[in-house]
Each structure stands twice: as C-alpha cells, then as structure tokens.
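Peer 1: Model the following, please.
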Amino acid sequence: MPAAAPYLPPDPKVAAAERSGIQRARIASLSILLALIVVIVGPIVLLVIDGVSIARFGIHFGTNTFTVALLTQIVEVLAVGLALLVIAIILYLASFAAFRRVQPGFTGPLVLGIVGALGFLLILGGVASYLSQIFSAVACSQVNAPASCVNFTSIFIALGAVLLGALLALIGWIGLIIGIYRIGKRYHSTLTKVGAILYIVPVLNIIAPILVFIGVSGIRPSLPTPPPPG
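Peer 2: Sure thing, here's the model as predicted:
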C-alpha cells in the first residue's frame, strides 16, 4: 500500500491573496446592488413624492410639476448611484489584482476595469458640466438673457466627454464580467458564473450582483486558511 502523501501547508501568500480577493468581490457585488437600487428606485420615489400627482382614497401625493429643483434632486441621486458603481469597480479591480498573484488570466480584466473606471469618471464630469450650463441658462431665462449665460463650447465638450466615457465604461464593464466569470470558474461556482453573464442581460442584470454575492460567499469556507506566523 503506497504511503500517504505528506501534508503540505498552503502558501501563506496564496491563501491571503485568495481570501482578500474573495472578500473584495463580495463587497463589490453589494456596492453594485446598492448602486442599482439607488439609480432605479431613487428617481421613482422623487417623482412620486414631488413630480407626479396621485390621488387615491382621499390621499394626495405630489404636485404634478417637474421643476428645476426636482431635476437637481434626481441628478444628485443618480450621481450617488454612479459613485457607488465606481467604488464597486475599484473593489473589483482590487480583487482582480489579488487573484493575479494566484493565477494568470486576471491581468486583462484588471486593465479593462481601469479603463472602465476612467470612463465612469468622464461620464460623471461631463454630466456635471452639462447640467451646470443648463442650470445657468434656466437662471438667466428669468432675466430674458439665456443665451448670454450659455457656453456652447463647454456643452459640446461635456457631451463629448459623456460619449467617450460611455465607450470606455462599456469596455470596462466587459472586463469586469470576464474577471467575475473567471473567479467563478476558478472555484467551480456556478452562481458566480451565471451572475457574471447576467450582468449583460437587461432587466435580469438587477439580480446579477445578488447571485455573485451568494456565489463568492459560498467560496469562502473552502478557501485555505493561512498558517499562523512562525
């Protein structure tokens, strides 16, 4: 009868990198879920409260008016959602960077994710610049001189930044999907792989971060524990 193979403790660096990568992926999936909730639910709540008139059972909600103040609130909510999305992307990049020390194949998603993060920042800056010009025009319209307050060059630059940012964000999103799928493939996590695929499916992408979170959470107990120092 052949002798049993000797026990080999896990490499401390590999074990630490795996646990770090999984933990960051878990937090990133929660951040994306929160971002989607803010982006989808936030504007609807604001419209119901302030911008849409609803009367049922003697109770009246909303003013049936769409004001600049309401538009500002909606933009602020969307900006919060976009900021949460950028945070999630950064966390996924940190996760891919950790896994890159363990297995080849995560450098590509890491680079594409960096491109995507820059794209989302361009979108955020472009939208902020564009709305600044629009709000200036609205303010000047009260004195019958809207054109004098609008810098059309700035508007075109802002729109160009949004379009370029959208292209870069799409590239980065593809990188994130590839990276998340490879995490699921490495640990044979079907939920993680399905969640990664659903990120590209409209409507169903709402449940994608939930599946990814459940999937990577199920991976954690199977990870090797780093041996104690010394």
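Peer 1: mind showing which ranges of the chain have poor pLDDT?
Peer 2: Low-confidence segments of the chain (pLDDT under 70): 1-11, 50-68, 137-150, 224-230.
Peer 1: Grab the most central residue of it for me.
Peer 2: L85 (2.6 Å; CA atoms, centre = their mean).
Peer 1: and it, that one's in a strand?
Peer 2: No - applying DSSP: H, G, I helix; E, B strand; the rest coil, one finds L85 to be helix, outside a strand.
Peer 1: Can you give me the distance of it to R19?
Peer 2: 25 Å (CB to CB, to the nearest Å). Just so you know, the C-beta spots here come from the backbone N, C-alpha and C atoms, and that holds for glycine as well.
Peer 1: I'd like the distance from the residue nearest to the centre of the chain to F135, if you could.
Peer 2: The spacing between L85 and F135, counted by CB to CB, is 24 Å.
Peer 1: rewinding a little: now the residue nearest to the centre of the chain: closest residue in space, sequence neighbours ignored.
Peer 2: Using CB to CB, 6 or more residues apart in numbering and skipping residues adjacent in sequence, the residue nearest L85 is A35, 4.4 Å away.
Peer 1: helix or strand for that neighbour, which one?
Peer 2: helix 12-46 (DSSP states H and E).
Peer 1: by contact count, what packs against that helix?
Peer 2: helix 68-100, helix 152-186, helix 208-219 (3 or more CB pairs under 8 Å, 6 or more residues apart in numbering; DSSP states H and E).
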